[in-house]
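> What follows is a predicted protein model with its sequence.
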Amino acid sequence: MPGPLNGRTALVTGATGGLGSAIARRLAADGATVVLAHLDDDQAAAELATHITDSGGTAVPLKADLREDEAVRALCHQALDALGPINILISNAGAYPRRPWRETTPARWDDALATNLTSHYLLTHELTPAMTATGWGRIITIGSVLATAGRHDLAGYISAKAGLEGLTRALARELGPAGITANCVAPGSIRVPAEDTVVEDPQAMTVRQLARQCVQRRGRPEDVAAAVAFLATDEAGFITGQTLRVDGGWILG
């Protein structure tokens, strides 16, 4: 059956992570051809590409460090050579460096911004000329509710995510006349495997998190993927410059 994204090509960054892989699978299921951009997980990228192709879709894994201008340019050229122009950018890649404010040196601050903000600028700046030429495009950045809620030990990360929302609104203003929308999806507490490596007691954290939320379950990567997939469609063509929080009502607490 035709899907709402048939004929579109999407580039998903951070595609081997919990959110990125769910987004890639959903876009492929909706008919998009998908570029799986990742930093250093060749095996996971290959397995995800195989899953998508075995399910009837098309996916190509490509490796790049999005903090480097030349690497971003090379990634975009490889994607173009393999699959043609990119219509949909899901700018998801990032990192979650936790450290107290007193330990946030200038070098660590710069790295947090390079990973979680500047990389999104580099990629978007490289891809939007082709979207402008065709008169259609979707830019969807993945932010965080922490840009609004705040949290200790994450000053660099939160500042970058707040900046990402600002960049998204600026892109919506500037690129809207060319038929390009730009929106940010801001997840709340989403249950992903990486959580077990950054949280000392995941079960206790879940109890605390549910006390903040209206919806009494942990978020799933598929919840975020559903929001992204909708914003990528023609039906969402009159929605731009928005931040959609997928957080079970956390921000209301």
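Now that the structure is in, tell me what you want to look at. Numbers count the residues shown, from 1 in each chain.
> wouldn't Gly237 be in contact with Thr181 here?
Yes. Using Cβ atoms under 8 Å, Gly237 is in contact with Thr181, at 6.5 Å. C-beta: built from backbone N, CA, C; applies to glycine.
> so how far is the longest strand that the chain contains off the chain centroid?
In the chain, taking DSSP state E as the definition, the longest strand is strand 180-187. Centroid separation between strand 180-187 and its chain, computed with Cα atoms, centre = their mean, to the nearest Å, is 9 Å.
> With stretch 13-30 instead?
9 Å.
> Now that stretch: average pLDDT?
Across stretch 13-30, pLDDT averages out at 96.
> picking that back up, which one of Gly237 and Thr181 has more residues nearby?
Thr181 (23 against 12; other Cβ atoms under 10 Å).
> got a pLDDT number for the more buried one?
pLDDT, read off for Thr181, is 98.
> Verify the stated contact: it with Glu174.
No. Taking Cβ under 8 Å as the definition, Thr181 is not a contact partner of Glu174, at 11.8 Å.
> At which residues are the strands of the stretch 151-253 of the chain located?
Along the stretch 151-253 of the chain, counting by DSSP state E, counting those that start in this stretch, strands occupy 180-187, 243-246.
> gap between the residue of the chain most remote from its centre and Ala229?
Centroid-distance maximum for the chain: Arg102 at 29.1 Å, with Cα atoms, centre = their mean. According to Cβ to Cβ, to the nearest Å, Arg102 and Ala229 sit 41 Å apart.
> ok so, going back, ramachandran angles for the residue farthest from the centre of the chain?
Per-residue torsions, Arg102: phi -60, psi -20 (degrees, to the nearest 10).
> low-scoring pLDDT stretches of the chain, where are they?
1, 253 (pLDDT under 70).
> do that again at 90, thanks
1-2, 40, 94-104, 109, 147-157, 192-206, 209, 251-253 (pLDDT under 90).
> residues contacting the residue nearest to the spatial centre of it?
Closest to where the C-alpha atoms of the chain average out (Cα atoms, centre = their mean) is Asn92, at 2.0 Å. By Cβ atoms under 8 Å, 6 or more residues apart in numbering, the contact set of Asn92 is 12-15, 17, 19-20, 23, 141-142.
> show me where this protein has helices.
18-29, 42-54, 69-83, 106-113, 119-134, 146-149, 155-175, 195-198, 202-212, 221-231 (DSSP state H).
> which of those helices sits most buried?
For the helices of the chain, the largest average neighbour count (mean count of other Cβ atoms under 10 Å) is found in helix 18-29, namely a mean of 25.
> which residues sit against that one?
With contact meaning Cβ under 8 Å, 6+ apart, helix 18-29 is reached by 3, 5, 10, 12-15, 34, 36, 38, 44, 48, 51-52, 55, 57-59, 88, 90, 92-93, 142, 187, 190, 192-194, 220-222, 224-226, 228-229, 232.
> circling back to that earlier point, quick one: the residue farthest from the centre of the chain from Leu146, how far?
According to Cβ to Cβ, Arg102 stands 19 Å off from Leu146.
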